[in-house]
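Undergrad: Give me coordinates for this.
(2 chains)
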Amino acid sequence: MKKVSGRLSLLLLVMTVSVVCSLPSYQPVFQALPAWAKAVLPNKGITLGLDLQGGIHLVLEVDEDRAVEIAVDRSVNSLQDLLVDKKIPAESVRRTGPQQITIQFQNADLKDQIRNLVDDFPSFVETEAPGTASLVVWELREAEIKRIKDSAINQALETIRNRIDQFGVAEPVVQRQGLKQIVVQLPGIKEPKRAKDLIKETALLEFKMLDEDGQIKLELPSRVPKDQEAEIVKQFADKLPEGDQILFERVIEKDTGREYRVPYLVKKRVMLTGDVLSDARVAIGQFNDPYVSISFDAKGGVEFERITGDNIKKRMAVVLDNTIYSAPVIQERISGGRAQITGTFSMQEANDLAIVLRAGALPAPLKIIQDLTVGPSLGQDSIEKGIKATLFAGVLVVIFMVVYYRLSGAIADFALVLNLVCLMGALSALTGTLTLPGIAGIVLTIGMGVDSNVLIFERIREELRNGKAVRSAIDGGYDKALLTIIDSHVTTLITGVALFLFGTGPIKGFAVTLCLGIAINLFTALVGTKVIFDLLNQRRKVETLSI
Amino acid sequence: MLEILGKTNVDFMGKRKIAFAFSGIMVLLGLVAVVQIVRGAVNLGIDFAGGTAVQLKFDEAIRIDEARKALESNGVGDAELQEFGQDNKLLVRVKASTTIEEKTAERVLGIFAKEFPNNKFVVDSSTEIGPTIGKKLQEDALIAVVISFAGIILYIAARFELRFGVAAALATFHDVLAVIGAFYILDKEITLLIVTALLTLAGYSLTDTVVVFDRIRENLKIRRRESEEAMINSAVNQVLSRTIVTSLTVVLVLIPLTMAGGEVLHDFSLALLWGVIFGTYSSVFVASPLLLLWPGGHGRLLKRN
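TA: Alright, predicted model coming up:
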């Protein structure tokens, strides 16, 4: 007979390691440990999946084409500035395609002068304009388009990360997935809608001048009901002066809480963008209304001072994602690089606005292509039901085994407990994620865990029926069942691995518990129960086996 | 020694015609269901089809027809509604045609808040899946199925003989198709979780088949005189009690999971439960008789192992 002590110590070692490893998963026990123990052990155990603790899982896609358009728009702006600086009287500069700028001018003599400007815009190349002498067309270079698209996703990733960090979520996941997708996981979040808004907001801050000379300014209604902005824009589309647009301010009546929009005629030209911000903080105004105080960086401060100095007594609109927050009259040249964004918002809205301004704008709008939100109550519910089902299933199996196989059944039940202990230890050690299907995987492990023992016991019974002595029946039973057990485990393992490789989220969790369960099962069935049988035999010669 | 079955001597192979007829019907049904899935004519979960699902938990009971009326009168006409037991839970599903940008989930919440002002609710879960993601998940699920089946056939073929591998794979297909067929008839939703259950039951059904095949292989080595039919029959009889007991233990855990595991796990466990039952049946009545349809030479297995 093989020596028992070696295997027995292995068994005890495995159990001890499992228990120690799973300690971090039970925080109350873990916190009570001495400091040195905490230092040695990983401080994170099994984490609960989003389906169990609640939270959101988002997959976002960056609108790359829009990112290119935005970059071209920006070049249009700086080209306009350059033309003004150089006093070249061009008639219009416009983006005339996703990646195309067209410069129009009256005087054909200007053509060479304008064509030379392309030197200042190295990402553009001049293309053949059909025939006319008063037109220059620039195209964005292919390499530049690729660069913009690439950097758009990286920039979006960075921005989202910043925003979430400031929003304050425990253990968020922000990852790139594939070429243009971003996965965001926020476990345990209480206000999913607010978090989603915070992530999705482009947060492009722009300062634009109102057009106070435009004729149609007088025709614009003084207020518009919410959701009817598009109709107003359509109505005035024909009369809009060149280079102007209509933007709306969101206003909420303090007394009634009614929401409406105020249209403004605004010059399209962007004076300054949020790129030059260095900080944004919430402050409380004199009527106890929150506003956001912004600081510019050095360059932005100088620029802001120049703009305000040039436009005294004119109105400037503070525009965020094409919505006007306020349109104050510039009273004087503002130096010191600070400004305020006021508007009708709640403390929380002001807070979120400050966050997105600090974290910076997204390079392009994001599209949510997958959104899984689980409320905390469902998670709690699922855990309770899962645990109840697991316990119930466990008890059923334990009773069945004892009734059917007597003492041997009790040994198999011990193996079952060992299985669960090891599974918890392994999951903790891998800092695995427990999902709802993962719980199902654990339950399945209970069911399949005793299967190996059933195979062995039925074999032993057969050997006993054939008249073998107890000891050799046990050895024979284990030996003969070995191949069957391995074969049957490997087939399930193959499925488990396939599920792990191609499953997402909760399904991966299921695959992990299933695979671990199978591996542990193999060990407990072949080593765990055998040791106990051998121990029983070692003490005294067993005449009859309770099986 | 407590035994469910004593020593049995049932002529399983003799009943193969009846078994094949029954299984044929199940497989046919499953194939119809698969064709319907490919055509998109089944109750495909929104994780595959794309769309929106919102699960709400109300303070008080809500009548499903009232909820439907409220949704319809507010322009969400194509929603599917489902109640969950005593918890006052309501699942609202709006499929494909909508995109996430339309904020269907928010609209549904708004409608319930407006139409049932006295019945407060919390959002248990909300899922919105764009069509591109659904496509990707479909592809991934298909790849997982193909890979696991290929892996299993190869493994069994390597451990036994090719005909064993093919018979085991066919029996497994049979089980999976039978469950798909049953789900199709009951108009249950085919979700990612159900596909996971199907793969798991494929693995389990194989486990069951392997136990029987193992004994057949063993008997092939020692009883070379008997006819293959008699030998397979006695092998099945020999392992019958373990086949039943192993299935029974799994059934024992799946029943509580189906009944009390909560709505998310219910269909998942149900698929597994049926799978285990079909799997047990098929390892006796399908996989083993299939070997008779493709008999090996006498004693040929001796060369292996």
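
Undergrad: Every contact and neighbour count from this point should use C-alpha atoms.
TA: Noted.

Undergrad: Could you give the average pLDDT over the helix or strand hosting B:L170?
TA: Per DSSP states H and E, B:L170 falls inside helix B:162-185. Across helix B:162-185, the average pLDDT comes to 90.

Undergrad: so what are the domain limits for the chain?
TA: All of this refers to chain A. A:4-50+A:376-539, A:66-141, A:207-348 (automatic domain parsing).

Undergrad: try chain B instead
TA: Taken from automatic domain parsing, chain B resolves into B:13-43+B:133-303, B:51-129.

Undergrad: just those domains: most buried one?
TA: domain B:13-43+B:133-303 (a mean of 20; mean count of other C-alpha atoms under 10 Å in any protein chain shown).

Undergrad: So which elements touch the helix holding B:L170?
TA: If you count contacts as 3 or more C-alpha pairs under 8 Å, 6 or more residues apart in numbering or on different chains; DSSP states H and E, helix B:162-185 packs onto helix B:16-39, helix B:131-159, helix B:192-222, helix B:263-282, helix B:288-293.

Undergrad: how about CSV for those helices, with mean pLDDT and distance to A:S25 added?
TA: Shown next, in CSV, are the helices and strands packed on helix B:162-185 (pLDDT from 0 to 100; distance: least, C-alpha to C-alpha, whole Å):
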stretch, mean pLDDT, distance to A:S25
helix B:16-39, 91, 42
helix B:131-159, 82, 31
helix B:192-222, 86, 26
helix B:263-282, 90, 24
helix B:288-293, 88, 46
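
Undergrad: can you put those in a markdown table and add distance to chain A?
TA: Shown next, in a markdown table, are these (distance: least, C-alpha to the nearest C-alpha, whole Å):
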| stretch | distance to chain A |
| --- | --- |
| helix B:16-39 | 20 |
| helix B:131-159 | 5 |
| helix B:192-222 | 4 |
| helix B:263-282 | 7 |
| helix B:288-293 | 16 |
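
Undergrad: So for A:G300, which of those helices sits nearest?
TA: Closest of the helices and strands packed on helix B:162-185 to A:G300 is helix B:131-159, at 41.5 Å (criterion: C-alpha to C-alpha).

Undergrad: Verify the contact between B:E263 and B:F84 for me.
TA: Yes. Assessed by C-alpha atoms under 8 Å, B:E263 is found in contact with B:F84 at 7.2 Å.

Undergrad: Run the contact check for stretch A:202-209 versus chain B.
TA: No. Stretch A:202-209 lies out of reach of chain B by C-alpha under 8 Å from any C-alpha of the partner chain, never closer than 14.8 Å.

Undergrad: Outside of that stretch itself, list whatever touches it.
TA: Contacts to stretch A:202-209, defined as C-alpha atoms under 8 Å, 6 or more residues apart in numbering or on different chains, come from residues A:266-274, A:314-321, A:356-357, A:360-366.

Undergrad: Selecting buried members of the residues you listed in PyMOL, what would you type?
TA: In PyMOL, this line selects whichever of the contacts of stretch A:202-209 come out buried by 16 or more other C-alpha atoms under 10 Å in any protein chain shown:
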select buried, chain A and resi 266+267+268+269+270+271+272+273+274+314+315+316+317+318+319+320+356+357+360+361+362+363+364+365+366
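
Undergrad: Restricted to strands, list the contacts of stretch A:202-209.
TA: Among the contacts of stretch A:202-209, the members found in strands (DSSP state E) are A:266-273, A:316-320, A:366.

Undergrad: What is the most widely separated pair among those residues?
TA: Going by C-alpha to C-alpha, the pair spanning these furthest: A:M316 and A:L366, at 28.1 Å.

Undergrad: Tell me which residues touch A:F30, please.
TA: Here A:F30 is in contact with A:23-24, A:38 (C-alpha under 8 Å, 6+ apart).

Undergrad: quick one: pLDDT of the nearest residue to A:V266 once chain neighbours are set aside?
TA: Leaving aside its chain neighbours, A:V266 sits nearest to A:L210 (4.2 Å; criterion: C-alpha to C-alpha, 6 or more residues apart in numbering or on different chains). Looking at A:L210, its pLDDT reads 93.

Undergrad: burial count for A:L210?
TA: Close neighbours of A:L210, defined as other C-alpha atoms under 10 Å in any protein chain shown, add up to 24.
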